[in-house]
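>>> okay, structure incoming, though there's no sequence with it:
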Ligand code: GUN
């Protein structure tokens, strides 16, 4: 079975739009999201444009800030301070990666944790790890979890879950979320010994390594649910445009898996929907309104 992430994201966005309409009508509360883009990385530009469009489509306020790649760290921090103090903005996202001369951790730590809809501030990272229900959780792993919960009828308890990749954006928070759902969690990475054997034991595989087609069909336990977070652009000989492929060899794995996400159209669309969701959650907390998401 192929998991339709695009359809799941559309359902979630519709639910978010309804909640935004309710908040505006009954509490005069319009959630607002600020997205900061530094430089002109083409992939980041596409993501930021999509985020802005979908924010508006959900009935929320969207503030875009484009800064030159040469902007100083101090100027960027000053902008974040301004956004922190702006009551019409409930969520702040600084698109990564940042240029080399800017200290990414310092930037992320400057964002007000209550507006940190990426969930990258140390207070939110620690909150997720220590079980604080108020922690804002990173969007991509949240999207993966929502897709998994649909596959397992809301109960992941006791499943063997393998997360391949240990990044701060996906791997580590994904492992924390699966642990919170009472999975038995393994985190694999480039130094893991005999990854195919480890993978064959997993009921759930989340691949987030950035290596096209690395996870092969014969690594997958029959019936396992496979979530492919990879977005790799590969240029194949004889094709003029680069193709988007995941970290999983899709055709092979789809023959064995119980369910699998495609690339594109799997996890990707869920990520932005979860960003909108986090913004609504942050707005409700700010206004001390009971949210319904
Ligand atoms: N770049 C790639 N993924 C992400 C993400 O989830 N958030 C931000 N801010 N930048 C990214």
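Received it, and whenever you're ready, just let me know what you need. Because the structure is predicted, anything quoted here is derived from the model rather than measured.
>>> rest of the way, CA atoms for contacts and neighbours
OK.
>>> for the longest helix seen in the chain, buried residues please.
Ranked by number of residues, the top helix in the chain under DSSP state H is helix 5-27. By 16 or more other C-alpha atoms under 10 Å, the buried positions in helix 5-27 come out as 5-6, 8-9, 12-13, 15-23.
>>> contacts for it, please.
Residues outside helix 5-27 that contact it (C-alpha atoms under 8 Å, 6 or more residues apart in numbering) are 29-31, 57-60, 147, 261, 265-270, 273, 276-277, 280, 289, 291-293.
>>> and it, how far out from the chain middle?
Here the centre of mass of C-alpha atoms in helix 5-27, compared against the chain's by C-alpha atoms, centre = their mean, to the nearest Å, lies 18 Å away.
>>> swap in stretch 128-146?
Taking mean C-alpha positions (C-alpha atoms, centre = their mean), stretch 128-146 and its chain are 10 Å apart.
>>> contacts for it?
By C-alpha under 8 Å, 6+ apart, stretch 128-146 touches 114, 116-120, 123-125, 127, 169-171, 173-174, 176-178, 180, 227, 267-268, 270-275, 278.
>>> only the buried subset of the contacts of helix 5-27, as a ChimeraX command please.
Written as a ChimeraX command, the selection of buried residues from those, which uses 16+ other C-alpha under 10 Å, is:
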select :29,30,31,58,59,60,147,261,265,266,267,268,269,270,273,276,277,280
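>>> what subset of the contacts of helix 5-27 is also close to the ligand?
For the ligand, no contacts are drawn from the contacts of helix 5-27 by C-alpha under 6 Å from any ligand atom.
>>> all strands of the stretch 151-293 of the chain, in order?
Taking DSSP state E, counting those that start in this stretch to define them, one finds strands in the stretch 151-293 of the chain at 160-164, 184-188, 204-207, 225-228, 232-234, 243-245, 259-260.
>>> up against the ligand, what does the stretch 1-150 of the chain have?
93-97, 118.
>>> return a ChimeraX selection command for the buried portion of these.
Command for ChimeraX, covering only those of those found buried under the criterion 16+ other C-alpha under 10 Å:
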select :93,94,95,118
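>>> which members of the residues of the stretch 1-150 of the chain next to the ligand are the farthest-apart pair?
Spanning the widest gap among those are 97 and 118, at 13.2 Å by C-alpha to C-alpha.
>>> quick one, helices of this protein?
Taking DSSP H as the criterion, the chain contains helices spanning 5-27, 42-57, 73-84, 104-110, 122-130, 139-151, 171-180, 195-199, 250-256, 267-287.
>>> so which of these is nearest residue 66?
So among the helices of the chain, helix 42-57 is nearest, using C-alpha to C-alpha, at 9.6 Å.
>>> and the angle from the closest one to helix 5-27?
Helix 42-57 runs at 40 degrees relative to helix 5-27, counting by axes from the mean of the first three to the mean of the last three C-alpha atoms, to 10 degrees.
>>> what comes up buried for helix 42-57?
Buried residues in helix 42-57, counted by 16+ other C-alpha under 10 Å: 44-45, 48, 51-52, 54-55.
>>> same question, stretch 164-172
164-166, 169-172.
>>> cool, and stretch 95-111?
Applying 16+ other C-alpha under 10 Å to stretch 95-111 flags 95, 98-99, 102, 107-108, 110-111 as buried.
>>> that older thread, among the strands of the stretch 151-293 of the chain, which is nearest the ligand?
If you check each of the strands of the stretch 151-293 of the chain against the ligand by C-alpha to the nearest ligand atom, strand 232-234 wins as the nearest, at 12.4 Å.
>>> check the offset of that closest one from the chain's centre.
With C-alpha atoms, centre = their mean, you get 19 Å for strand 232-234.
>>> what of stretch 120-136?
With C-alpha atoms, centre = their mean, you get 15 Å for stretch 120-136.
>>> state the mean pLDDT of that stretch.
Stretch 120-136 carries an average pLDDT of 97.
>>> brilliant, that's me finished.
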